[in-house]
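J.: curious how this folds, go ahead:
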Amino acid sequence: MNLPAYRFSPWLLLVMVLLAPACLKAETAKFAWLEDVGAALSIDEVKALPERRWQVFDPANVLNLGFSDGSFWLKVSVPPDPENRLLEISYPLLDEVSVFWVRQGDVVQAHRTGDRRAFSSRPVPHRHFVFLVPSNAEAVTAYVRVKTQGSVQIPVRIVPSEQFLAEEQLSYGWQAVFLGIMVAMALYNFFVFLIVRHPTYLWYVLTVLAAAMVWLNFNGLLFQWLWPDMPILNRYFTAPIISLNIVFASMFTMSFLSLRRVSPLAFRLFQGVIALAVFTFLLGLFGSYQTSTIVVSAFGVIVTPLAWFVGLWVWRQGQILAGFYVLAWTPLLLGHLVLAVSKLGYLPSTFVTDFAPQFGVALEVILLSFALAYRINLERQRRQAAQEHALAVQLHATQTLETRVQERTEELERANEQLKAISVTDGLTQVANRRRFDERLVVEWNRACRQNHPLSLLMLDIDHFKQVNDQLGHLVGDDCLVSVARLCASEIQRSGDLLARYGGEEFSVLLPATPRQGARSVAERLRTIIAENPVYPGDGSSPVKLTVSIGVATMTPANGTGPEALIRRADEALYQAKESGRNRVVEWLSSSVCSDPAPEKPGQSR
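T.: Down below sits the predicted model:
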């Protein structure tokens, strides 16, 4: 045996199967069709029709007759041949398929099946409609009656049994690979969703699962394996599952591309798409099967390129993730284009052309999974950069330990100072954080107690900040917090004063050795400058006008009291500022020494 030729032969066979036309011996049979508008012709009446009533067609081009309430008859004249042959109709979504084998004018076999009948009605248990040619020695004629409320597509051929089995192995193997890809991508990203809890990953998982069910349904696998004895489910599955796929894909697109922030127009457009998809879903459940199929088919043809163009437009606006989205969506569009060109007869029907949309779907989900992984990488990039810098400093110090002991010590000290500064600095606003505020409050309280000096505290809260987050998004809210911190820092001039982010949208200003009048003056300056300087978000949105409410408290500490009393008084004053209309400064008025601080009011809210 020639070993190299033996190794090469399986690949040669695979290439021949992929590139060969769908039926190698289709020219040996003759194919014709006619429309029975009233769906009233019997097999005897069809047999008696003259030849001029029949329209000849080439089975290499799929017989696509649109939508019709009538029935269609196919006449397939099969000459004798020593090989075993099969009649295959490879579109599983036909409602009624009846085949009458006629030999010498007599009906020798009759089969009635379709996706409205139990799967066991098929003479060959296959996801397509497959019928054995009853004779090899004599010419026979198959009269095939097709009636369906869906699209009348009749891809029919006469194929040798050996070729059918060879192609079936490749086709079924691809279906297994396709299902494996979809399940693997769905499971992987579902676990990612459980970790990061970001809704984008959940919408992606639902999109993948819905797309898998759409194409497995188109290939007849769901009926074959999940509900073979309940054909009624086929009536209520096709249009609703396509609608759900559009809903999930639209939700994923809006979340992945951040359309609410990047493009409000595109966001509203996809909201309309979702509303129409919900309508088609309900139409598929409660309306006419034919009408729902037509509507959802047209809807899918429009939505698929629409999503691609929206992704391209967002990409041109500078969003990096949109580039991944366009790259992933392109194979899906190309797959549908190849299938459409093949159905129109401009390309031969082959394994590649028939399964081009599934190839596109598989590539799409794989590329989108890469895009989601890249998204995680972007979100962690800042933390990783800081960690890498610290590791680089440590490695460099270790490598020069013997010759640069003093230099290493200085670098480590600088790194420790940086880490200490980071630990007491708010990462967003770059002012002191709550931890730094608590430390300084204790120090200044003790100093004021020893020196008998007044200590003032301002509690500042941004008015209606939750509405900013809900209406404009958290990124704009972050811009507002940064702007307020910057404006406050510009007004806090003394080196001993401390501006800190107390929590959420609340800031605190600690003013050592400052009497009540001075604290009130500082508070008014802060309130005024914030009200007069709107925030301009970085994404080009309209400016956001902010106001703040400020509570002021001043104490001269005495024995038996703690700094919590000062916080409580400033907090109560802030509460009064909120309650009295916001955008104002309210002082806590009492004696300057608090030996018995008032308890906090229950239910107090800022």
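J.: against E524, how distant is F465?
T.: To E524, F465 is 21 Å away according to Cβ to Cβ, to the nearest Å. (Glycine included, C-beta is placed from N, CA and C.)
J.: so which of these two has more stuff around it?
T.: F465 (18 against 14; other Cβ atoms under 10 Å).
J.: now that one, nearest residue through space, not along the chain?
T.: With sequence-adjacent residues excluded and distances taken as Cβ to Cβ, 6 or more residues apart in numbering, F465 is closest to E505, at 4.0 Å.
J.: residues contacting the closest residue to R85 other than its chain neighbours?
T.: Here the nearest residue to R85 in space, its sequence neighbours aside, is V133; by Cβ to Cβ, 6+ apart that works out to 4.3 Å. Taking Cβ atoms under 8 Å, 6 or more residues apart in numbering as the criterion, V133 is in contact with V78, N84, R85, L86, L87, W101, V140, A142, I158.
J.: which of those residues lies closest to A448?
T.: Nearest to A448 among these is L86, at 97.0 Å by Cβ to Cβ.
J.: count the residues that sit near G220.
T.: The burial count for G220: 21, using other Cβ under 10 Å.
J.: to clarify, my last question referred to R450.
T.: Counted with other Cβ under 10 Å, the neighbours of R450 add up to 9.
J.: per-residue confidence for it?
T.: Per-residue pLDDT puts R450 at 89.
J.: element containing it?
T.: Per DSSP states H and E, R450 falls inside helix 434-451.
J.: how about D470, what does it touch?
T.: For D470, the contact set (Cβ under 8 Å, 6+ apart) is empty.
J.: buried residues in the helix or strand encompassing L269?
T.: Using DSSP H and E, L269 sits within helix 264-286. Within helix 264-286, the residues scored as buried using 16 or more other Cβ atoms under 10 Å are A266, F267, F270, V273, I274, L276, A277, F279, T280, F281, L283, G284.
J.: next one: stretch 482-499
T.: V482, S483, V484, A485, L487, C488, E491, I492, D497, L498, L499.
J.: same question for stretch 116-126.
T.: R116, F119, R122, H126.
J.: inside strands: which ones of those?
T.: Per DSSP state E, strands hold no members of the buried residues of stretch 116-126.
J.: could you dump the residues you listed to TSV with distance to A390?
T.: TSV is the format used below for the buried residues of stretch 116-126 (distance: Cβ to Cβ, whole Å):
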residue	distance to A390
R116	68
F119	64
R122	67
H126	63
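J.: helices or strands up against the longest helix along the chain?
T.: Assignment by DSSP state H gives helix 356-399 as the longest helix of the chain. Judged by 3 or more Cβ pairs under 8 Å, 6 or more residues apart in numbering; DSSP states H and E, helix 356-399 is in contact with helix 161-196, helix 199-218, helix 238-256, helix 320-343, helix 405-423.
J.: buried deepest among these, which one?
T.: Comparing those by mean neighbour count (mean count of other Cβ atoms under 10 Å), helix 238-256 ranks first with a mean of 23.
J.: contacting residues for the residue nearest to F465?
T.: Per Cβ under 8 Å, 6+ apart, neighbours of E505: D461, I462, F465, L481.
J.: distance check, it against Q451.
T.: From E505 to Q451 the distance is 34 Å (Cβ to Cβ).
J.: could you give the angle of the helix holding L269 to helix 238-256?
T.: Angle, helix 264-286 to helix 238-256, by axes from the mean of the first three to the mean of the last three Cα atoms, to 10 degrees: 160 degrees.
J.: residues contacting P534?
T.: Counting by Cβ under 8 Å, 6+ apart, P534 makes contact with P543, V544, K545, L546.
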